[in-house]
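[1] Got a sequence here, can you model it:
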Amino acid sequence: MAEDENVKPQDDTATDGSGVDNLRLLENIDVNLTVEVGSTQIKIRDLLRLNEGSVIELDRLAGEPLDILVNNMIIA
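    Predicted coordinates:
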């Protein structure tokens, strides 16, 4: 496949600081951050019986990686 001569690769090593300036534009944007340990389905009656110290069995084992979501999109 021939490379288009009019398309030039973006230079990520710009020394004018424009990359840093672009990042600064994003610094004050609020996002929703969620860290998901695991999930399960339970009946409402069981939910109502939960109290401090209750143990809930999740779909992951202890030590498994967590999901980190930003605005409901998994990023890690």
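[2] Determine the number of other residues adjacent to Glu57.
    Glu57: 8 surrounding residues under other C-beta atoms under 10 Å. Any C-beta I mention is one placed from the backbone N, CA and C, and that applies to glycine too.
[3] beta partners for the residue most central in space within the chain?
    Centroid-nearest residue in the chain: Leu69, 2.6 Å away (criterion: C-alpha atoms, centre = their mean). Residues in a beta bridge with Leu69, per DSSP bridges, are Thr34, Ile74.
[4] Assess the claim that it and Val31 are in contact.
    No. Using C-beta atoms under 8 Å, Leu69 is not in contact with Val31, being 9.8 Å away.
[5] hey, what's in contact with both of those two?
    Counting by C-beta atoms under 8 Å, 6 or more residues apart in numbering, Leu69 and Val31 have no common neighbour.
[6] Show me what the mean pLDDT comes to for the helix or strand hosting Arg45.
    Assigned by DSSP states H and E, Arg45 belongs to helix 44-48. Here helix 44-48 scores 97 as its mean pLDDT.
[7] Grab the CA positions of it and hand them over as CSV.
    Output of helix 44-48 as CSV, limited to C-alpha atoms (Å, rounded to 0.1, in the frame of the first residue of the first chain):
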residue,chain,number,x,y,z
ILE,A,44,-33.4,-6.6,47.5
ARG,A,45,-34.2,-8.4,50.7
ASP,A,46,-30.6,-9.4,51.0
LEU,A,47,-29.5,-5.9,50.2
LEU,A,48,-31.7,-4.5,53.0
